[in-house]
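Undergrad: Build the 3D model from these lines:
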Amino acid sequence: MTINLVTGADGFVGQHLIAELLDRGERVVGAVKETPPALTTLSQDHASQVEWTVLELEERETVAALISEVRADRIFHLAGLSSVAESHDDPVAPLRVNVVGTLYLLEELARIRKLESYDPPILISGSGQVYGASATRYRPLTEKHPLQPMDPYSVSKAAQEMLGLQFHRANGLFVVVTRSFNHTGPGQRPTFVAGQFAKTVAEIRVAGGSGVVRAGNMDARRDFTDVRDVVQAYIALTEDGVAGQVYNVCSGRSYSVAELLEILADVGGVNVEVEQDPARMRRVDVPEMLGSYARLAEATGWSPQVDMRRSLGDLLEWYATRGDD
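TA: Residues are numbered from 1 along each chain as shown. Below you'll find the model as predicted:
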């Protein structure tokens, strides 16, 4: 039976990934900051099958102990800080967690590989945000375009990516790195725009069908992929990805923030009025980020299967039935 180690196992993508791996009949070790984990989309049945363990990425000893104890057949490194806005307020935090934490993980894997020839595929979940200002010049963005991060979070993800590739070159680790663009779907937190809109639309539907939605820049366009498609891409890359390679995970189609709200309002059968909220405006932004998944498709045959209307509809229903935890 294939053993999978998933860091950040209680996160948005992590829970969907675990469900898919378990449905395939595989074993999962889920690394989280604390147990029992706060779960949102993972069912009780699935959760009971996971071997939960505590991981604190900022503590070298904790990371080393986990890697020493778990001989996984493949590793999905999803743990880290993911908020662009919060990174402006505390720019050191994403460097400590995303960069130094990943360094600890890679160092221990390199040490064990040298002693035991232990060489599992390691997927590092990166971000399309690393392209930053390049998005103003290149559409669609490919893996050959320059990295020009525009915020501390993106800087941390670029550094994390470089570390992964450096450990592949210097230590022979089987590392593949993703540049994952925006994704959404059931379970996404309201700290992200689609989650925020879905939560508000669900509340408006209950309250009578008309209401106000507070929003930032409605014209910004982003490439969105359903989280369940993202999970399929990650699994495929551990099976067919090329070691030392970087892959965009995206849909190849962009949507404006206004279009997301229009879809949610239509699916929810509500009328909404947009109220501009300066607090929700990003300090630095680009008008559109659009990616190409051609390299991913060539390596694995992957392509997005879940359309945006279904993705947002499932997110809305999740909020209507499960709440915003």
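Undergrad: Could I get the contacting residues of residue 291?
TA: 128, 140-142, 179, 181, 223, 248, 250-252 (Cβ atoms under 8 Å, 6 or more residues apart in numbering). Every residue, glycine included, has its C-beta placed from N, CA and C.
Undergrad: Neighbour-wise, give me the winner out of those.
TA: Among these, residue 250 has the most neighbours (other Cβ atoms under 10 Å), with 30 neighbours.
Undergrad: who's the nearest residue to it once chain neighbours are set aside bridged to?
TA: Leaving aside its sequence neighbours, residue 250 sits nearest to residue 291 (Cβ to Cβ, 6 or more residues apart in numbering; 3.4 Å). Beta bridges link residue 291 to residue 141 when assigned by DSSP bridges.
Undergrad: where does the residue lying farthest from the centre of the chain fall, phi/psi-wise?
TA: What lies farthest from the middle of the chain is residue 208; by Cα atoms, centre = their mean that is 33.9 Å. Torsion angles at residue 208 (phi, psi; degrees, to the nearest 10) stand at phi 130, psi -10.
Undergrad: so how far is residue 126 from it?
TA: Noted for residue 208: a distance of 43 Å to residue 126, by Cβ to Cβ, to the nearest Å.
Undergrad: got it, and residue 189?
TA: Residue 189 is 20 Å from residue 126, by Cβ to Cβ.
Undergrad: Give me the more crowded residue out of the two.
TA: residue 126 (25 against 16).
Undergrad: can you pull the contacts of the more buried one?
TA: Here residue 126 is in contact with 157, 160-161, 177-180, 246 (Cβ under 8 Å, 6+ apart).
Undergrad: In helices, which of those fall?
TA: 157, 160-161 (DSSP state H).
Undergrad: among the residues you listed, who's most crowded?
TA: Compared across those, residue 157 has the highest neighbour count, 31 neighbours, by other Cβ under 10 Å.
Undergrad: didn't that one look like it was pressed against residue 150?
TA: No. Residue 157 sits out of contact with residue 150 when judged by Cβ atoms under 8 Å, with a separation of 11.7 Å.
Undergrad: between these two, what contacts are shared?
TA: residue 129.
Undergrad: Quick check: residue 117 vs residue 243, distance?
TA: Taking Cβ to Cβ, one finds residue 117 at 15 Å from residue 243.
Undergrad: Now do the strands in the stretch 201-325 of the chain.
TA: With strands called from DSSP state E, counting those that start in this stretch, the stretch 201-325 of the chain shows them at 210-215, 221-226, 245-249, 254-256, 271-276, 288-289.
Undergrad: now those in JSON lines, with distance to residue 40 and mean pLDDT?
TA: Below are the strands of the stretch 201-325 of the chain laid out as JSON lines (distance: least, Cβ to Cβ, whole Å; pLDDT from 0 to 100):
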{"stretch": "strand 210-215", "distance to residue 40": "22", "mean pLDDT": "91"}
{"stretch": "strand 221-226", "distance to residue 40": "16", "mean pLDDT": "98"}
{"stretch": "strand 245-249", "distance to residue 40": "21", "mean pLDDT": "98"}
{"stretch": "strand 254-256", "distance to residue 40": "23", "mean pLDDT": "97"}
{"stretch": "strand 271-276", "distance to residue 40": "25", "mean pLDDT": "90"}
{"stretch": "strand 288-289", "distance to residue 40": "26", "mean pLDDT": "97"}
